[in-house]
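Participant: Output the structure for:
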Amino acid sequence: MIVDIHNHILFGLDDGPKNPEETILLARQAVESGVDHVIATPHHKHRHKEHFYENDYRQILMSVAQVNDLLNNHQVPLTVYPGIEFHLHEHIENDIHNNLDSFLTLNNTGKYLLMELPCSHYPAHTEEVLYELQTKGYTPILAHPERNKVLRRNPSKIFDMVQRGILVQITASSVTGLHGRRLKNFSIHLLEHNLAHFIASDAHHHSCRKFELISAYNWIENTFSSNYRKYFEENAIHVLHGTEFKIMEPKCIDKKLQYFFLLSSFNKARPIRK
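Facilitator: Sure, this is the predicted structure:
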């Protein structure tokens with residue numbers, strides 16, 4: 001079983017597929033790459049250029065059922081589960097206090113919440129929000145922190161969050177280098193220091209933002225070890241089932257190891273021994 005915990009496969013909800021045909025193409029690409037279970041995570045309270053995406057959890061549940069019927073009718077062997085990607089917006093604390101029932105966890109198990117930070121800045125209330133969600137019984141998963149320029153310059157913030165029980169998801173294309181040197185370099189630092197717990201595709205489109213999960217897993221196996229790859233694969237299954245798992249002991253990234261290291265640092269990844 002290969003599970004992708006972060007993608008935008010549902011059509012008509014955000015910047016993912018625009019119609020059923022595009023969802024089918026993206027689903028076929030997922031299956032061809034080796035993925036057979038996906039947790040769909042449309043954006044929520046996320047502004048992108050002129051668009052603002054806000055998705056009610058009931059609409060997501062209906063969309064997941066619709067897409068599973070669609071894929072079954074077209075004989076695409078991919079199972080889709082409900083989820084949401086919460087943008088950490090300025091009014092999220094109000095939502096936590098007054099509308100917590102609408103917070104859709106990954107696969108609706110009541111356990112894991114996928115949380116997205118802005119790329120350009122680090123909201124002052126980030127840690128308070130994440131820790132408050134923990135007090136409510138949730139385990140936040142921080143989506144693609146390698147994209148956040150503040151976290152790239154201050155990796156100790158990620159270490160501190162992991163120490164307090166926050167989990168971290170890196171995007172597959174960041175690992176493989178499709179998003180450029182800086183994101184790959186920083187992703188390697190996170191992998192080397194046990195500060196990543198999931199790899200996910202963040203797929204949006206069948207040709208330009210594809211399911212690259214297996215490519216990232218192959219890279220991790222070749223660069224680190226098969227055990228490290230298995231660790232990520234199993235962690236994603238735990239999220240799907242809403243079960244707890246043991247993480248590797250996190251290690252703090254030295255302040256000198258920043259995202260602007262030279263290309264040669266890509267070759268410094270060391271095998272993980274378990």
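Participant: lowest average confidence, helix or strand, in the protein?
Facilitator: strand 46-48 (a mean of 68; mean pLDDT, DSSP states H and E).
Participant: any low-confidence regions in the chain?
Facilitator: 46, 48-49, 52, 255-274 (pLDDT under 70).
Participant: can we see that at 50?
Facilitator: Scanning the chain for pLDDT under 50 picks out 259-274.
Participant: can you give me the strands in it?
Facilitator: All strands of the chain, identified by DSSP state E, fall at 3-7, 37-40, 43-44, 46-48, 51-53, 79-82, 85-87, 112-116, 139-143, 167-171, 198-200.
Participant: can you put those strands in TSV and add distance to Lys184?
Facilitator: Every residue, glycine included, has its C-beta placed from N, CA and C. Converted to TSV, the strands of the chain look like this (distance: least, C-beta to C-beta, whole Å):
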stretch	distance to Lys184
strand 3-7	18
strand 37-40	24
strand 43-44	24
strand 46-48	23
strand 51-53	27
strand 79-82	29
strand 85-87	22
strand 112-116	20
strand 139-143	17
strand 167-171	10
strand 198-200	13
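Participant: Among these, which comes closest to Asn185?
Facilitator: strand 167-171 (12.2 Å; C-beta to C-beta).
Participant: strand partners of that closest one, parallel vs antiparallel please.
Facilitator: Take DSSP bridges as the rule and strand 167-171 pairs in its sheet with strand 139-143 (parallel), strand 198-200 (parallel).
Participant: looking at these, which is buried most?
Facilitator: strand 198-200 (a mean of 28; mean count of other C-beta atoms under 10 Å).
Participant: how about the helices of the stretch 1-150 of the chain, start to end?
Facilitator: 20-33, 57-73, 92-98, 126-135, 149-153 (DSSP state H, counting those that start in this stretch).
Participant: in the fourth one, what counts as buried?
Facilitator: Right, the one you point to is helix 126-135. Within helix 126-135, the residues that count as buried by 16 or more other C-beta atoms under 10 Å are Thr126, Val129, Leu130, Glu132, Leu133.
Participant: go on, the first one?
Facilitator: Within helix 20-33, the residues that count as buried by 16+ other C-beta under 10 Å are Glu22, Thr23, Ile24, Leu26, Ala27, Arg28, Gln29, Ala30, Ser33.
Participant: Let's have these in a markdown table, adding distance to Leu195.
Facilitator: Output for those, formatted as a markdown table (distance: C-beta to C-beta, whole Å):
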| residue | distance to Leu195 |
| --- | --- |
| Glu22 | 34 |
| Thr23 | 33 |
| Ile24 | 36 |
| Leu26 | 29 |
| Ala27 | 31 |
| Arg28 | 34 |
| Gln29 | 29 |
| Ala30 | 27 |
| Ser33 | 26 |
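Participant: Show me which of the residues you listed is closest to Leu78.
Facilitator: Ala27 (4.8 Å).
Participant: what sits against the closest one?
Facilitator: Ile9, Val67, Leu71, Val76, Leu78, Val80 (C-beta atoms under 8 Å, 6 or more residues apart in numbering).
Participant: Excluding chain neighbours, what is closest to the second one?
Facilitator: Nearest non-adjacent residue to Val67, counting by C-beta to C-beta, 6 or more residues apart in numbering: Val80, 5.2 Å away.
Participant: Now do the contacts for that neighbour.
Facilitator: So Val80 contacts Ile9, Leu10, Ala27, Val38, Ile39, Ala40, Val64, Val67, Asn68, Leu71 (C-beta under 8 Å, 6+ apart).
Participant: now it: how far from Thr23?
Facilitator: 9 Å (C-beta to C-beta, to the nearest Å).
Participant: and the strands paired with strand 167-171 as CSV, adding distance to Pro118?
Facilitator: Listed next are those as CSV, based on distance: least, C-beta to C-beta, whole Å:
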stretch, distance to Pro118
strand 139-143, 11
strand 198-200, 19
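Participant: Ok, which of the ones you listed comes nearest Tyr57?
Facilitator: Of those, the one closest to Tyr57 (C-beta to C-beta) turns out to be strand 139-143, at 16.8 Å.
Participant: List the contacts of that closest one.
Facilitator: So strand 139-143 is contacted by 5-6, 85, 106, 111-117, 130, 133-134, 158, 161, 165-169, 197-198, 200, 202, 239 (C-beta under 8 Å, 6+ apart).
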